[in-house]
Every structure is written in C-alpha cells, then in structure tokens.
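**Q** structure for this input, please:
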Amino acid sequence: MKQTEDDDTLHNYVVHVKNEDEFGDMKAELKQQGKLVSRHKKSDDNLLYENQSVTAEMTADEAKELKDEEVLVEKDIELQACEATKCVAVEPDLPEHQKGEHTDNPKKFKPCKAINDPKKKNEVVSWNIACVAGTPHENKYKGKGVKVAVIDSGIDTHDELNTKDWVDFSDKVDGYKPIDSSGHGTQMAGVIAARINGLGMEGIAEKAEIYSVKILDSENKASISAVVKALEWCIQNDIDIISMSFGTNEYSEILHDVIKKAEQQDILMIASAGNNQQTIQYPARYPEVISVGSINEKLVNSDFSANSEVDLVAPGEDVQTIGYLGTFTKTEGTSIAAAHVTGVAAAVMSAKKSMKSTELRSLLESSAIVLENGTNLVNYENAINQMKKKGASPIKAKEIQVIAEEKASDEDSIVEGSWNARDWKKIDNTGHFTIINNLPLSYFGKGNESDTQRTYNRWITARASYQTDKLPYLSASSKLAKYNRNAVGEVDSTMGGHCYPPYHANAHHTLTEVTMEHLQFLYELARRRLILNSNLDLVATNYNGDYYYGVYIGRKMKRRIIVDLKTVHEQLKIDCQNNSINMNTIQSKGYMVLGVFLHLVADIQAHRAQVSVDMMYAKPDGTIYYPYDHFVASREESRINLGNLDGVPSTWDTYWKVYGLVKAGELSMNELKQYMTTKTITITCNGQTYTFEKEKSARAYEDNPYFWGDRIDTARWFVGSYIDRMRGDTGTNSAHTGYFYAVGRVPLC
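**A** Sure, this is the predicted structure:
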C-alpha cells in the first residue's frame with residue numbers, strides 16, 4: 001500500500017519565522033520537543049539562526065500545524081550540481097573512526113611553491129577564456145581586491161590557485177575538508193582565478209580573493225538549509241560576488257528571502273541555469289540572481305542549456321580548467337558557464353571597486369555581445385570600455401566566433417588533461433585520479449609528516465598512476481609498450497614477439513600472473529620503501545633470479561618493470577621540477593611505486609571482471625538475447641545489447657562463439673572489446689545519450705564507471721584496503737605474499 005504524507009514518517013524541514021521574538025519562542029519550543037536537527041558545529045548552525053530559521057525533523061501533520069500558525073515551513077529539499085551528465089564521485093570505504101572530515105584545519109594545506117615565469121612561454125589561454133576575456137595577462141584588471149565565494153563542492157589545493165579560506169557546510173558535523181570530493185568546485189575556481197604564472201592555464205581574474213564555501217557532498221548534492229548557511233556566511237564576511245553552480249526545480253521562499261538579503265547587502269549573485277531543463281532552475285531563476293546558460297565554440301546554444309530565458313551565456317562545452325590533485329581537465333555544463341561570468345564580473349569590478357552590485361549587473365548585461373540566437377554573451381573588454389566610456393567599437397559576435405574556433409582547434413592551446421568523472425567516454429586514465437584523491441591524507445604519511453607533505457605524497461601517487469596510462473612504454477594502448485624486451489629489460493624492436501605491459505590487467509597475462517607476480521612484486525617494491533625505508537634501486541641489471549624477497553617473478557619481467565619505473569621517475573622529476581617536491585627521496589620513490597601498484601589494483605576490477613550469461617542473454621540457452629543496455633550497480637541486473645557487438649547477432653558463428661565464452665566464464669570486460677563493433681554505437685546512461693565512434697566503442701562498457709558499478713566500488717575499496725594492509729606489514733619479508741583481494745560479486749577471469 002502506498003504510504004501517504006499524513007502518517008508518522010519523519011522528514012527534515014526548514015522552519016522560518018520572520019518576527020525575531022516569535023522566532024526565539026519557536027526555536028525554544030522545537031528544542032524542548034527534541035525536533036531540532038544540527039548538522040554542523042554550533043557556530044555554523046548560528047548562521048541559520050541569523051536567518052531566523054532552523055532545521056527540524058517532524059511529520060507532515062506537524063509541519064501542517066505550524067503552517068496553520070502562519071509559520072513558514074518547507075521541506076529541506078535537495079539541490080544538485082548543474083552538470084551536463086551525472087557525476088558519480090568515488091568515496092572510499094573508510095573505517096568508522098575516519099568517516100568524519102579528514103582534516104581539522106584546512107589552512108594547514110598550502111599550495112605548492114608559487115611559480116612565476118615572466119616570459120609566460122607555456123601558459124595556455126583556452127578558447128573558453130579567450131571567448132569572454134581575451135588574453136587575461138594582457139588585461140589591466142584582474143580582480144584585485146574583489147572577494148569571490150564559490151559555493152560548491154569545495155576547492156582543492158593547486159599550484160594554479162591561491163584560495164584565501166575554506167568553510168564547510170556539507171553534510172558533516174565537525175571539521176573541514178579542504179579537498180574537493182568531486183572536482184566540481186575546483187573546476188569553477190580554475191576558470192575564475194587560475195594564476196597567471198607561466199604554467200598550465202590562465203584564469204580570468206587571477207588576483208581575486210577566492211573563498212571555498214563547501215555545501216555539496218560527495219554526490220554533489222546539498223540541502224536548502226546548507227545553502228542558507230552559506231549565504232549567511234557570505235553576508236557576514238563581506239563577500240562581493242557569489243558563484244552558485246547548483247539548482248533545484250522547486251521554489252523556496254526561505255531561500256529567496258536570504259537571496260534578497262544578500263542583494264540588499266550589495267552582493268552580486270551568479271548561478272547556473274541548469275542542464276536538461278525546460279525552465280531555469282533555482283537559485284538562478286530568482287530575479288535577484290544572474291542566470292547563466294551555455295554555448296559551444298561556435299557560439300551556438302548547448303543542447304543541455306535552456307538559453308532562451310537566461311540573462312547571460314558563456315562557454316559550457318569542452319571547457320578547459322583545472323582539476324583536483326594538481327591536474328588539468330575538460331568539463332561541460334551550465335556550472336562552468338557561470339564560472340566564466342563570475343570571473344568577468346570580478347575582473348570588471350576591480351576596475352571600479354565602489355560600483356554597486358546592481359550597477360555591475362546592468363553593465364555586464366548591457367555590454368554583452370548579442371548572438372544570432374538572441375542570447376547575450378558576457379565580455380570583459382566591452383564591459384570595461386563601456387564603463388570607462390572609451391568610445392571604442394563594441395566587439396561583435398563574428399570576431400569572437402573566429403577567435404573561439406581557432407583556439408578550440410589549436411593544439412598549442414590545450415592543457416594536458418586528466419580523468420573527469422563527468423566525461424568518462426573521452427579521456428584516458430578513467431578513475432585513477434578520482435580514487436586516489438578521495439583517500440584520506442592519513443593514507444599518505446606515517447604520522448609525523450605535515451598535511452602539506454602528505455598532500456605532496458598523494459600527488460606523487462596519483463601522478464604516477466596517471467603516468468602509467470600516459471607514458472608510451474607503460475601504456476596499454478601504445479605499440480612501444482608491446483615491444484619485446486631484452487635481457488636487461490630494455491625495449492628491443494628487432495627481437496619480434498611481444499612483451500605486454502603488466503600494469504593494466506589485460507588479457508595477455510593469466511590472472512595468476514597478474515595477481516601473484518605483477519601485483520605482488522609492485523606491492524613489495526612499494527612496501528620496502530614506505531614501511532622499511534629501503535632505497536629503491538632503479539638499475540635493472542642489479543635484479544637477478546626469479547624471486548624478490550619471497551615474491552616469484554621472472555627475471556625478464558622484473559627487469560622490465562624496473563626499467564619502466566625509472567621512466568616514471570624521470571617523468572615525475574620533470575612534472576615537479578618547479579615545486580617543492582623532491583623525487584629523489586626514498587619516500588617519494590615509494591609513493592611513486594604505490595601509484596603504479598594502485599593503478600593495477602583498480603584495473604583488475606575494471607577490466608578483468610567476468611561478463612556473465614545473464615548480462616547478454618534473456619534465456620540461459622542463448623536463444624534469446626537482450627537488444628538494449630541497462631546500467632546498474634550489480635552484474636546480475638546489468639544488460640549488454642548484443643547489437644553493439646561486431647557480427648552479433650547477424651553472424652551466428654560469432655554469436656555462438658561469444659555465447660560459448662560467456663557460458664564457460666572465460667570472457668572478461670577486457671576481452672569483450674575484441675567483439676565490439678567497429679561502427680558507431682549509441683548508448684543511454686543516466687538519461688543521457690552517448691555516441692561512441694568506431695574503435696572507441698569498447699569504452700561504452702569497459703571504462704564506464706556507471707555500467708556494472710560494483711567494479712568501480714570494489715576498485716576503490718581495495719585501493720584503500722591494500723594501503724591499510726601494507727601499513728601493518730612490517731616484516732623483513734612480506735607476511736602477505738601470494739595474497740590478493742577479491743570479492744564474489746565481481747568474479748575475475
């Protein structure tokens with residue numbers, strides 16, 4: 001029987017009383033009844049009280065009684081980050097005592113040493129930045145003295161950012177988490193204010209003071225009450241501009257009241273309009289807030305953006321920005337479009353700090369470039385010229401379009417990318433940065449290191465994991481990685497044959513080789529550095545025999561791995577030559593090996609997971625197959641459309657070959673790609689349609705974090721579990737030789 005709203009089910013509500021005396025009485029009464037809900041420290045909850053609001057747990061009937069007394073009562077509804085596709089952030093399975101915040105004081109986290117290259121030889125001005133702000137380092141105004149709050153998922157420490165402060169109103173009780181649990185907020189901050197330092201990319205307003213106001217949890221969700229607290233914090237801390245990249249379809253009077261209060265305090269508010277919506281979401285829909293839609297490099301509306309009703313538009317597709325763990329990435333959505341408007345607003349405001357927020361809004365809108373579809377593209381130069389009354393001819397759409405399209409196709413204007421959870425179908429190295437980033441800092445130190453040093457250690461680990469996919473001699477996709485190796489482990493292209501890379505759990509090695517040789521050898525290499533403090537010898541010829549401290553591994557493969565680790569080491573020295581990380585210490589080398597080891601740990605689950613009969617065939621005898629895809633967590637409920645396999649089902653020999661392999665339990669996700677079509681295929685996932693062209697079609701399943709999601713879950717669980725295991729493995733020889741983690745719901749082959 002369907003449960004109704006008038007039963008005893010408890011819900012979280014926000015209760016708002018406009019009269020100050022009546023609010024005090026109401027708060028005291030709810031407290032006496034034990035209905036008050038506290039999610040944060042007392043000082044944080046006081047921000048809600050400043051708004052004369054509380055959160056309370058009650059039934060629908062009790063809420064109705066309060067409404068009858070003319071008290072404003074609303075469900076504490078959930079808002080979602082405005083992304084073009086759903087973001088699934090990976091959160092580690094932490095022990096109970098570690099499930100709070102990872103750090104008590106985010107100010108302990110410091111960006112790497114400031115980098116300055118006056119020649120600016122290597123800095124990128126991507127198409128999306130050029131589209132709205134030209135070349136930022138040539139602009140006179142860069143946001144100096146302007147305080148910008150990024151209300152989002154947090155901001156990670158990064159060479160490109162100089163974040164002033166962190167506060168946390170996500171669903172936590174105590175402490176702070178300066179790291180960004182999904183990467184979303186860090187991406188916003190990069191467009192707004194990435195440093196002009198000769199490396200990476202240029203942000204629009206690098207001198208703006210950026211504040212990380214975290215409300216979104218690891219699933220990029222937040223409650224209305226958290227937003228109210230965040231806005232009250234901004235009001236009390238004299239913030240000039242607020243960036244909001246989240247939304248809901250439901251109107252909230254309580255939220256609207258605090259938005260009005262912020263406007264009265266002369267704060268400019270900018271918000272993303274939302275994706276896949278016919279109408280603009282709140283808070284962008286409130287008249288006091290600038291709503292922002294998305295365009296692409298052709299200055300055309302993005303399919304996911306309701307541009308016709310928005311106040312301004314900005315780039316929201318193939319946008320280059322920064323990511324967590326010191327990375328650079330691409331993203332899309334009206335969220336990142338709003339960040340462009342925020343950056344321009346901060347830069348323009350710094351030209352005339354006395355300008356009122358209403359004046360600034362009017363200037364941004366009146367100076368915008370009118371596009372063919374009638375929407376208004378924000379533009380820094382037009383706004384400055386209009387404000388200074390220079391009389392210069394306004395920049396027109398055609399001029400911007402030429403710049404945008406040239407930049408978008410210019411390979412020199414592309415920053416090296418890393419994996420982005422919202423864009424898994426395009427970028428290599430799926431998931432490795434995310435998994436390592438979400439481990440607590442305690443996993444990257446022995447207890448004595450500072451938080452900054454632990455951050456560096458985590459950076460080394462993640463970067464090594466990334467380079468395992470990127471460096472040609474280690475990559476699973478490079479021809480160089482498959483060349484045979486000579487007796488000293490070095491590539492010899494004249495030998496013929498193959499020596500496949502051992503870091504990716506591919507089908508060219510048996511499961512025994514992968515887990516009992518490659519995995520155990522890398523584990524022991526890392527353990528001896530991080531636990532026993534033994535120096536890592538990177539001279540391959542010093543490794544003899546077929547064992548390494550009790551781990552069996554053939555001499556040829558052993559030496560190959562050492563040669564490859566030396567390559568990774570040389571690359572990491574280049575990557576960190578301009579910061580404070582010393583790659584020549586025992587500890588740094590240990591975390592480097594740990595990164596390669598954890599890459600293999602994750603790949604075992606993602607790639608060697610066994611495809612089952614139930615995934616493909618509606619009848620166990622193979623006579624009926626599934627003509628559709630279904631994306632869920634479990635193998636039992638996941639479905640693969642056989643129409644996406646080459647020659648299946650039209651070629652019955654291929655059809656029954658695949659059936660025979662699946663029936664025998666011998667087909668892994670990795671091997672499945674051998675049978676994927678070379679034609680373009682289309683799949684639907686989380687309400688979004690994706691197109692995979694030719695050879696990329698294999699990624700529809702193998703590197704897809706949404707398809708059979710248990711693979712990704714076990715990958716992240718085991719990454720943390722192996723580190724826990726290693727920390728307790730203190731013997732001269734490993735006590736865990738011959739062991740590897742496995743779980744029944746993700747059988748391997």
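
**Q** contact partners for residue 505?
**A** Residue 505 sits next to 514, 600, 603-604, 606-608, 670 when contact means CB atoms under 8 Å, 6 or more residues apart in numbering. Every C-beta, even on glycine, is put in place using the N, C-alpha and C of the backbone.

**Q** need those in a markdown table (columns: distance to residue 319, pLDDT and secondary structure).
**A** Formatted as a markdown table, the contacts of residue 505 follow (distance: CB to CB, whole Å; pLDDT from 0 to 100; DSSP: H, G, I helix; E, B strand; the rest coil):
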| residue | distance to residue 319 | pLDDT | secondary structure |
| --- | --- | --- | --- |
| 514 | 38 | 94 | helix |
| 600 | 32 | 96 | helix |
| 603 | 29 | 91 | helix |
| 604 | 33 | 93 | helix |
| 606 | 27 | 86 | helix |
| 607 | 30 | 89 | helix |
| 608 | 34 | 93 | coil |
| 670 | 32 | 87 | helix |
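
**Q** just among the residues you listed, which is most surrounded?
**A** The most crowded member of the contacts of residue 505, judged by other CB atoms under 10 Å, is residue 604 (27 neighbours).

**Q** now do the same contact list for that residue.
**A** Neighbours of residue 604 in contact, by CB under 8 Å, 6+ apart: 505, 514-515, 519, 715, 740, 748.

**Q** 6 Å instead?
**A** Neighbour list for residue 604: residue 505 [criterion: CB atoms under 6 Å, 6 or more residues apart in numbering].

**Q** now it: how far from residue 364?
**A** Applying CB to CB, to the nearest Å, the value for residue 604 to residue 364 is 51 Å.

**Q** kindly report the same for residue 562.
**A** Residue 562 is 57 Å from residue 364, by CB to CB.

**Q** among these two, which residue is more densely surrounded?
**A** residue 364 (26 against 22).

**Q** could I get the contacting residues of the nearest residue to residue 377 once chain neighbours are set aside?
**A** Leaving aside its chain neighbours, residue 377 sits nearest to residue 369 (4.4 Å; criterion: CB to CB, 6 or more residues apart in numbering). Going by CB under 6 Å, 6+ apart, residue 369 touches 377, 379, 397.

**Q** confidence-wise, which of the residues you listed comes last?
**A** Among those, residue 397 carries the weakest pLDDT, at 78.

**Q** return the residues in contact with the closest residue to residue 743 other than its chain neighbours.
**A** Nearest residue to residue 743 in three dimensions, chain neighbours excluded: residue 714, at 5.3 Å (CB to CB, 6+ apart). Contact analysis of residue 714 by CB under 6 Å, 6+ apart lists 605, 743, 746.

**Q** what sits closest to the first one if chain neighbours are left out?
**A** Spelled out, that is residue 605. Nearest to residue 605 is residue 715, by CB to CB, 6+ apart, at 4.1 Å.

**Q** the one you found: neighbour count?
**A** Residue 715: 24 neighbours (other CB under 10 Å).

**Q** could you list the buried residues of the helix or strand that contains it?
**A** Applying DSSP states H and E as the criterion places residue 715 in helix 710-727. Of the residues in helix 710-727, those buried by neighbour count under the rule 16 or more other CB atoms under 10 Å are 710-720, 722-723, 725-726.

**Q** which strands and helices lie in contact with the helix or strand hosting residue 462?
**A** Secondary structure from DSSP H and E places residue 462 in helix 451-470. Contacts defined by 3 or more CB pairs under 6 Å, 6 or more residues apart in numbering; DSSP states H and E place helix 451-470 against helix 432-437, helix 555-575, helix 586-607.

**Q** now do it against helix 586-607, angle only.
**A** 50 degrees (axes from the mean of the first three to the mean of the last three CA atoms, to 10 degrees).

**Q** got the angle for helix 451-470 vs helix 555-575?
**A** Using the same axes, to 10 degrees: helix 451-470 against helix 555-575 is 120 degrees.

**Q** dump helix 451-470 to CSV, restricted to CA.
**A** Coordinates of each C-alpha in helix 451-470 appear next as CSV, following Å, rounded to 0.1, in the frame of the first residue of the first chain:
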residue,chain,number,x,y,z
ASP,A,451,49.5,18.0,5.9
THR,A,452,51.4,19.7,3.1
GLN,A,453,53.8,16.8,2.8
ARG,A,454,51.0,14.3,2.8
THR,A,455,49.4,16.3,0.1
TYR,A,456,52.6,16.0,-1.9
ASN,A,457,52.8,12.3,-1.3
ARG,A,458,49.2,11.9,-2.5
TRP,A,459,50.1,14.0,-5.6
ILE,A,460,53.1,11.7,-6.4
THR,A,461,50.9,8.6,-6.0
ALA,A,462,48.1,9.9,-8.2
ARG,A,463,50.5,11.3,-10.8
ALA,A,464,52.4,8.0,-11.0
SER,A,465,49.1,6.2,-11.5
TYR,A,466,48.2,8.6,-14.3
GLN,A,467,51.6,8.3,-16.0
THR,A,468,51.1,4.5,-16.0
ASP,A,469,48.5,5.1,-18.7
LYS,A,470,50.2,8.0,-20.4
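
**Q** number of residues surrounding the residue nearest to residue 300 when sequence neighbours are not counted?
**A** Spatial nearest neighbour of residue 300, excluding adjacent residues (CB to CB, 6+ apart): residue 373 at 7.4 Å. With neighbours defined by other CB under 10 Å, the count for residue 373 comes to 12.
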